[in-house]
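1. Okay, sequence plus prediction incoming.
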Amino acid sequence: MSKSPLDVLEYSDKTAKRAQWEAFEFTLLEDGDVTVVNASHDKPEDHSYTVHCEGNIPTDCTCPAWEHHEGACKHMLAVAIRKPVLDAVTAKPTRADGGAVVEEGETTASEDEECECERLGDFPCWPCVRDGRRELPEGAE
């Protein structure tokens, strides 16, 4: 059984919170990478980055934070904490050259995410808040 990405990646609490609460959109690419767009920004097209995964572990990102800071960036964590996205990356049939068989621009939904609250400290994951299992901490709104 493979390890959870959250067991492998190093990241700060601040990065984890941003990965949970910023509005990300995901697109699977033919090579198995994931385009992550931060739709929280006024100009999301200026905040589009590619996350590369090895198996179910996001390993690097094209964003400036990945280049200039220690640990995983929020885009890598955004992929790591959304099980449907990782499942889509790792479950795709592969071609003879090892690449994933997907249609260019195929997108994934993040509606069926599993809970990752226990791994992220006191801050609840979005599926738990959305489904009413946990509430936001005071002042987080």
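-> Perfect, thanks for sending it. Numbering: from 1, shown residues only.

2. Quick one: classify the residue nearest to residue 12 when sequence neighbours are not counted as helix, strand or coil.
-> Distances taken as CB to CB, 6 or more residues apart in numbering place residue 71 nearest to residue 12, at 6.4 Å, with adjacent residues excluded. Just so you know, the C-beta spots here come from the backbone N, C-alpha and C atoms, and that holds for glycine as well. Three-state assignment for residue 71 (DSSP: H, G, I helix; E, B strand; the rest coil): coil.

3. Roughly how far does residue 125 sit from residue 56?
-> Separation of residue 125 from residue 56 (CB to CB, to the nearest Å): 17 Å.

4. now the strands for the chain?
-> For the chain, strands defined by DSSP state E occupy the ranges 24-28, 34-38, 48-54, 57-61.

5. Can you pull up the most central residue in the protein?
-> With distances taken as CA atoms, centre = their mean, the chain has residue 79 as the residue nearest its mean C-alpha position (1.5 Å).

6. State the mean pLDDT of stretch 87-102.
-> Averaged across stretch 87-102, pLDDT comes to 57.

7. follow-up on the earlier one: so the residue nearest to the centre of the chain sits against residue 50, correct?
-> No - using CB atoms under 8 Å, residue 79 makes no contact with residue 50, being 10.5 Å away.

8. who touches both of those two?
-> Taking CB atoms under 8 Å, 6 or more residues apart in numbering as the criterion, residue 79 and residue 50 both touch 34, 36.

9. returning to that earlier point: which one's more surrounded, residue 125 and residue 56?
-> residue 125 (24 against 18; other CB atoms under 10 Å).

10. Distance of that one relative to residue 131?
-> Residue 125 is 10 Å from residue 131, by CB to CB.

11. Low-confidence ranges, this protein, go.
-> When residues are selected by pLDDT under 70, those of the chain lie in 1-2, 92-116, 118-122, 126, 130, 136-141.

12. what about the helices in it?
-> Secondary structure of the chain by DSSP state H: the helices cover 5-8, 13-21, 64-68, 74-80, 83-91, 126-130.

13. For residue 39, find the nearest of those.
-> helix 74-80 (11.3 Å; CB to CB).

14. can you give me how far that closest one is from the chain middle?
-> Chain-centre distance of helix 74-80: 3 Å, with CA atoms, centre = their mean, to the nearest Å.
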